[in-house]
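Asks: Only the shape, not the letters, is given here:
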C-alpha cells in the first residue's frame, strides 16, 4: 500500500516510535559498560556509512549541499550528538520507562521551537493535548508518587536526559528551517557525518582509553541496534515526516514511546510497571489522539 503526503508522514513516525523505544531498553543495559560519547560516536559512523550507501544507490548528490552553508550540518549534527550522549548518560541512573516518559516532553518543546524558527502556531486543542501529554509524562517520571511530584524530586538521569530532549526538539524544527532542497537521505547522511565529527573530537580521549576487547556482548548488540534502527532509520524517518507534518505533530508520536517501552521491557526482562504508572502512559496516548486529529 503506497502512502503519500501526510499519511506517509504519520506512518513514518509510527515506525519511529517503535524503533526508538528499543534503544531505551537496550541502552539501559549497555550504558554502565561504555562511555556515552564512545558508543554515540560509533553509532553515528555506522549510521553515516549506511546512509551514504543508500543515498548513492538512490542517486543522491552528497557533495553539492556542502557548498551551500556547510555550517548547517554541524548545527544539526551537534544537536543530535548532544541528544544521544545525554540519553546514554541519563540511562546510567534512570529506568527505561522514566527516560521514555521524559522523551514525551519533546512535543511541547518542539511546538515552542516550531513557533520560534518557523512561526508554526498551535490550535487550542493542540495546546490542551500537549498539556495533557506533559502531565502524563510527569506522572510516569515521578513514578506515580504525588509527594515526590509536589517536592519535584526528579532523578539525575531524568534531568540529564531532559536537556537532550530539548536538543532533539530544536533539531526537529531546524531540519525544515535549514533545508535548501536536499532530500531526506542526503540531509540525514550529512547530519550523521557532522555528528560523528563532533563526537570524535569531543570523546577522543575516551575512545583511545576504551578497552574494546573487554566490552561485553550487550554493548555490541546495542551498538548494532542503535546505529541501524535507532539512528540511521529513525533520523531518516524524522526528516521524512518533518517535510509532511508540523513539528508538533511529528513529535506527537513520542507519546507512544512509553507504551512501546513497556512492551520492550516485558519482552527483555519480563517486567511490567505498576498500574498507577500505566495511568500516566494512558494520558500520553490520549494526548497523541488529540494531536493527530485535524
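Replies: Perfect, I can see it now. Just so it is clear, the structure is predicted and the values come from calculations on it, not from any experiment.

Asks: tell me the contacts of the residue lying closest to residue 81 once chain neighbours are set aside?
Replies: Spatial nearest neighbour of residue 81, excluding adjacent residues (Cβ to Cβ, 6 or more residues apart in numbering): residue 195 at 4.2 Å. From N, CA and C alone the C-beta is placed, and that goes for glycine too. Contact analysis of residue 195 by Cβ atoms under 8 Å, 6 or more residues apart in numbering lists 44, 76, 77, 78, 80, 81, 84.

Asks: Now do the SS call for residue 195.
Replies: Using DSSP: H, G, I helix; E, B strand; the rest coil, the structure places residue 195 in helix.

Asks: and it, what pLDDT?
Replies: Looking at residue 195, its pLDDT stands at 95.

Asks: where does the protein have low pLDDT?
Replies: For the chain, the stretches with pLDDT under 70 are 1-4, 141, 143-153, 248, 294.

Asks: Contacts only, for the closest residue to residue 268 other than its chain neighbours.
Replies: Leaving aside its chain neighbours, residue 268 sits nearest to residue 25 (5.2 Å; criterion: Cβ to Cβ, 6+ apart). The contact partners of residue 25, taken as Cβ under 8 Å, 6+ apart, are 96, 261, 264, 265, 268, 269.

Asks: Give me the subset of these lying in helices.
Replies: Under the assignment DSSP state H, those contribute 96, 261, 264, 265, 268 to helices.

Asks: re the thing from before, please identify, among the contacts of residue 195, the one with the most neighbours.
Replies: residue 44 (29 neighbours; other Cβ atoms under 10 Å).

Asks: so it touches residue 199, yeah?
Replies: Yes: using Cβ atoms under 8 Å, residue 44 makes contact with residue 199 at a distance of 5.9 Å.

Asks: what residues do those two have in common as contacts?
Replies: Common contacts of residue 44 and residue 199 (Cβ under 8 Å, 6+ apart): residue 81.

Asks: circling back to that earlier point, most widely separated two among the ones in helices among the contacts of residue 25?
Replies: 261 and 268 (10.0 Å; Cβ to Cβ).

Asks: Between those two, which is the more surrounded one?
Replies: residue 261 (29 against 14).

Asks: How about the more buried one: what's its closest non-neighbour residue?
Replies: Nearest residue to residue 261 in three dimensions, chain neighbours excluded: residue 100, at 4.2 Å (Cβ to Cβ, 6+ apart).

Asks: Just give the number of residues close to that neighbour.
Replies: 32.

Asks: Check the gap between it and residue 106 for me.
Replies: Counting by Cβ to Cβ, to the nearest Å, the separation of residue 100 from residue 106 is 11 Å.

Asks: again with residue 276
Replies: Taking Cβ to Cβ, one finds residue 276 at 23 Å from residue 106.

Asks: who's more crowded, those two?
Replies: Between residue 276 and residue 106, counted using other Cβ under 10 Å, residue 106 has the larger neighbour count: 30 against 13.

Asks: got the contact list for the more buried one?
Replies: Residue 106 makes contact with 165, 168, 169, 172, 251, 254, according to Cβ under 8 Å, 6+ apart.

Asks: swap in residue 284?
Replies: Applying Cβ under 8 Å, 6+ apart, the residues near residue 284 are 101, 104, 133, 136, 137, 140, 255, 256, 258, 259.

Asks: With residue 53 instead?
Replies: Contacts of residue 53 (Cβ under 8 Å, 6+ apart): none.

Asks: Sort out which residues of stretch 65-82 are buried, please.
Replies: 65, 72, 73, 74, 75, 76, 77, 78, 79, 80, 81, 82 (16 or more other Cβ atoms under 10 Å).

Asks: Of those residues, just say which sits nearest to residue 212.
Replies: Using Cβ to Cβ, residue 81 comes nearest to residue 212 of the buried residues of stretch 65-82, at 20.8 Å.

Asks: State the helix or strand in which the closest one lies.
Replies: helix 71-91 (DSSP states H and E).

Asks: who does that helix touch, helix- and strand-wise?
Replies: If contacts are counted by 3 or more Cβ pairs under 8 Å, 6 or more residues apart in numbering; DSSP states H and E, helix 71-91 sits against helix 5-30, helix 36-57, helix 96-103, helix 156-177, helix 184-202.

Asks: what's the closest of those helices to residue 244?
Replies: Among those, helix 5-30 comes nearest to residue 244, with 3.4 Å by Cβ to Cβ.
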